[in-house]
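In: Below are the sequence and a predicted model; questions follow.
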Amino acid sequence: MAVVTKKADVAIAVPHWHAHAQETQKFGTVIANIPHPLSAGVRAEMVGKLNRLLADSSTLRDMYKKHHWQVSGPTFYQLHLLFDKHYAEQVEIIDTIAERIQLLGGVSVAMPADVAEMTSIPEVPKDREPAPVQISRMLEAHKLIMKLSSEIAAAASKAGDDGTNDMVVGDVLRPNELQSWFLSEHLVDTPLILDRG
């Protein structure tokens, strides 16, 4: 909010810099009394699991952008475009997960340092690597995310959280399966030219 002052009968908007206030909700908590049929305990359990999934998905998203910038080799153009397409799809996935966390009354993990602390995906080196290594690294990340998605879907189903189950299966698991398939086909050992000799 800005304070408006007057100078020679002209209103001037002056911004407040360095605003401070007490946080409105601590990370790792859920709002107890929201209009949602699930208990606060179930919502807290789902929020914890979804934040782990969000951290892993955010890490994979960033891997796609890193590899989009650094890919090289005979399939550069195709992989450059594919990695960027998958990056954009991962942006949508993480937004969906984060909004589900907020909807359940929780707080979404968001900042890179916090994501790095929470992710189960191994740290990616800063170095530039060959395309097969990049792809293998992303396939391992997809595998971790798909496994975690299946675990969350099962826990959500058991807890009666149909919304989380549906979101995780439809919006996280299935797109990750498809991206994994697209990547893995780039590692098939086929010759570029067939010898018809």
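Out: Here it is on my side, so go on.
In: C-terminal to the longest helix anywhere in the chain, what's the next element?
Out: Ranked by residue count under DSSP state H, the longest helix found in the chain is helix 40-70. Later in the chain than helix 40-70, the nearest helix or strand by DSSP states H and E is helix 76-103.
In: packing partners for the longest helix of the chain?
Out: Here helix 40-70 touches helix 76-103, helix 112-118, helix 131-159, going by 3 or more Cβ pairs under 8 Å, 6 or more residues apart in numbering; DSSP states H and E. (C-beta placed from N, C-alpha, C; glycine too.)
In: again, only using 10 Å
Out: helix 76-103, helix 112-118, helix 131-159, helix 162-167, helix 174-184 (3 or more Cβ pairs under 10 Å, 6 or more residues apart in numbering; DSSP states H and E).
In: Ala11: helix or strand, and which one exactly?
Out: Following DSSP H and E, one finds Ala11 within strand 10-14.
In: Strand partners (parallel or antiparallel) of that strand?
Out: Neighbouring strands of strand 10-14 in its sheet, by DSSP bridges, are strand 3-7 (antiparallel).
In: Wait, Trp69 touches Phe83, no?
Out: Yes. Under the criterion of Cβ atoms under 10 Å, Trp69 makes contact with Phe83 at 8.7 Å.
In: neighbour count winner among these two?
Out: Using other Cβ atoms under 10 Å, the more surrounded residue of Trp69 and Phe83 is Phe83, with 24 against 11.
In: Which residue is the nearest non-sequential neighbour of that one?
Out: Spatial nearest neighbour of Phe83, excluding adjacent residues (Cβ to Cβ, 6 or more residues apart in numbering): His68 at 3.8 Å.
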